[in-house]
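Peer 1: sequence and computational prediction follow.
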Amino acid sequence: MKSDQKAFHKSRRAGFSELIGKDSVAVIFGNTTRNKSYDEDYKFKQYKNFYYLTGFLEPNSVLVLAPGGIQFPVNGKQKTLTEILFVQKKDALMETWNGKRLGHSDVRRELGIQNSFVNEEIPQILNSRFLRRFSKLYTNFGEMLKLTNDTKRIINNFTETLNIIAPALEISDASYLLGKMRAVKTNYEINKIGEAAEISTGAYNETLKSVRPGINEFSIQAMLEYYYKYHGGDDIAYHPIVASGENACILHYNANNRQMKSGELLLIDSASEYNYYCSDITRTFPVNGKFTNEQRIIYEIVLKANKECIKKIRPGVKFSDLDNLSTKILTEGLFKAGLLKNKKDIKKYSLHGIGHHIGLDTHDAVPFTKTGSTDNDTLKAGNVITIEPGLYFTGNMKEIPVKFRKIGVRIEDDILVTKTGSINLTESMIKEAAEIEIAMKDN
Ligand code: GLY
Ligand code: MN
Ligand code: MN
């Protein structure tokens, strides 16, 4: 692992340890493999909170953090340890079939985590005698319940006897505190998201040249993903939406298998991941390279909401205020175009909120609302969010003139909140209607 990455994860462990305090212990489970069918598994994806703290990509691993120290036997002697990574044991046969395992003896050198043992030893920590020494246990319960295979077997006694341990110490899910940390990105993370965004924008600008009537949605998907992979994007950030015509009105359309026709719009919501960090982009293009008048009217309203919201972003602004601003612009735009009789009906056509945080997850697993006296709604420097207003008119909306039906438009950018304002990480991607038409002229 490169030194900047090592330093990043180390700083996350230090930050989280400080948050939980010396009387607590944290047991953070890594993911396990998932069966897809028969003897085939899904591509392994590490749990993101575990990744955040370790950067380690093997299944069946568990991180223990004990900021006040934990007594654990090392070579027959009790030692006081503050961080331990439990990993899969080396196994020549399994490694021949499924790939190399780091093994516990190389953890410190490779990952910079102080101590490591094979995962079969984790029950020594997950028993009541051990846990009763702490006043609080943080773990990732929601994810623990979904574990499979080796880890599930190894921690079986813990899950079976949790009700006996539970009254002795306070047990909390670590996801909330880790989510609060994850909401504010470090420079290391901002660079990764920036890389993911750059790969994605390059792919769109290139793929745009191939959008024309007769092309299938899956061909556009393939071109984007070829570009991501070719340029170092190690995964897609989410299942892509390549939606022509009325498919654009299905928010999570994912069949991506229809031949697009002249006169329709094509909505593409697809993006690359880079080193586990996501970007998230949507653009909407006219299939034949020229917007109809009606498509252009809707496009300009959505674009205005996108641009005005981005302009407003700075620390102290509330995410919910951006949502209200977007709703106001979309409402006024449709009202002026004669498409909205009652302003209250806007949600029927705008459907979703203005955006979300992005990071290790595309919809980043961070708290983002204001509840009671807890405010996770106000933006801070280091937040990275999407701005993605949209308008959708299905073929069934009889109250809308026919020429406006089967139109779905969403325009989505990735915005870093800086100390003084914001930076659009997807700035280099074409967005003005006129520019799109020029770029598609020779398709
Ligand atoms: N790609 C999912 C979203 O835009 O939220
Ligand atoms: Mn999004
Ligand atoms: Mn998206």
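Peer 2: That came in fine, so what should we check first? Numbering: from 1, shown residues only. Ligands and ions are numbered 1, 2, ... in the order given.

Peer 1: what is the least confident helix or strand in the protein?
Peer 2: Ranking every helix and strand in the chain by mean pLDDT, DSSP states H and E puts helix 128-131 at the bottom, with a mean of 90.

Peer 1: after that helix comes which helix or strand?
Peer 2: Downstream of helix 128-131, the first helix or strand assigned by DSSP states H and E is strand 136-139.

Peer 1: sorry, back to before: list the buried residues in the least confident helix or strand of the chain.
Peer 2: 130-131 (16 or more other C-beta atoms under 10 Å). Where you see a C-beta, it was placed from the backbone N, CA and C, and this is true even at glycine.

Peer 1: residues near Trp167, how many?
Peer 2: Let me fix one detail, which is that residue 167 is Pro and not Trp. 8 (other C-beta atoms under 10 Å).

Peer 1: regarding it, what is its secondary structure?
Peer 2: With DSSP: H, G, I helix; E, B strand; the rest coil as the basis, the three-state label of Pro167 is helix.

Peer 1: now do the contacts for Pro73.
Peer 2: 79, 124 (C-beta atoms under 8 Å, 6 or more residues apart in numbering).

Peer 1: in which helix or strand would I find it?
Peer 2: With DSSP H and E as the test, Pro73 turns up in strand 62-74.

Peer 1: mind exporting that strand as PDB, just the C-alpha atoms?
Peer 2: This file holds the C-alpha atoms of strand 62-74, laid out as PDB (Å, rounded to 0.1, in the frame of the first residue of the first chain):
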ATOM      1  CA  VAL A  62     -12.200  -7.900  11.500                       C
ATOM      2  CA  LEU A  63     -10.700  -4.700  12.900                       C
ATOM      3  CA  VAL A  64     -10.500  -4.100  16.700                       C
ATOM      4  CA  LEU A  65      -9.800  -0.700  18.100                       C
ATOM      5  CA  ALA A  66      -9.300  -0.200  21.800                       C
ATOM      6  CA  PRO A  67      -8.100   3.300  22.400                       C
ATOM      7  CA  GLY A  68      -7.500   2.600  26.100                       C
ATOM      8  CA  GLY A  69      -5.700  -0.600  25.300                       C
ATOM      9  CA  ILE A  70      -6.700  -4.200  25.400                       C
ATOM     10  CA  GLN A  71      -4.900  -7.200  27.000                       C
ATOM     11  CA  PHE A  72      -4.100  -9.800  24.400                       C
ATOM     12  CA  PRO A  73      -1.700 -12.700  24.300                       C
ATOM     13  CA  VAL A  74       1.200 -12.200  21.900                       C
END
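
Peer 1: how far does the following helix or strand past that strand sit from its chain's centre?
Peer 2: Counting by DSSP H and E, the next helix or strand C-terminal to strand 62-74 is strand 77-87. Taking C-alpha atoms, centre = their mean, to the nearest Å, one finds the center of strand 77-87 at 31 Å from the center of the full chain.

Peer 1: the stretch 301-443 of the chain: strands as residue ranges?
Peer 2: 370-371, 374-375, 384-387, 390-393, 407-410, 413-417, 422-424 (DSSP state E, counting those that start in this stretch).

Peer 1: not counting sequence-adjacent ones, nearest residue to Lys10?
Peer 2: Using C-beta to C-beta, 6 or more residues apart in numbering and skipping residues adjacent in sequence, the residue nearest Lys10 is Gly112, 5.5 Å away.

Peer 1: so that neighbour versus Lys6, what's the distance?
Peer 2: 4 Å (C-beta to C-beta, to the nearest Å).

Peer 1: so for those two, which sits in the more crowded spot?
Peer 2: Gly112 (18 against 15).

Peer 1: list the contacts of the more buried one.
Peer 2: Counting by C-beta under 8 Å, 6+ apart, Gly112 touches 1, 6-7, 9-10.

Peer 1: let's see it at 10 Å
Peer 2: Counting by C-beta atoms under 10 Å, 6 or more residues apart in numbering, Gly112 touches 1, 3, 5-7, 9-10, 13, 54-55, 83.

Peer 1: please apply the same query to Leu339.
Peer 2: 294, 297-298, 301, 333, 345, 349, 391, 393, 397, 399-401, 404.

Peer 1: if we use 7 Å, what do you get?
Peer 2: If you count contacts by C-beta atoms under 7 Å, 6 or more residues apart in numbering, Leu339 has them with 400, 404.
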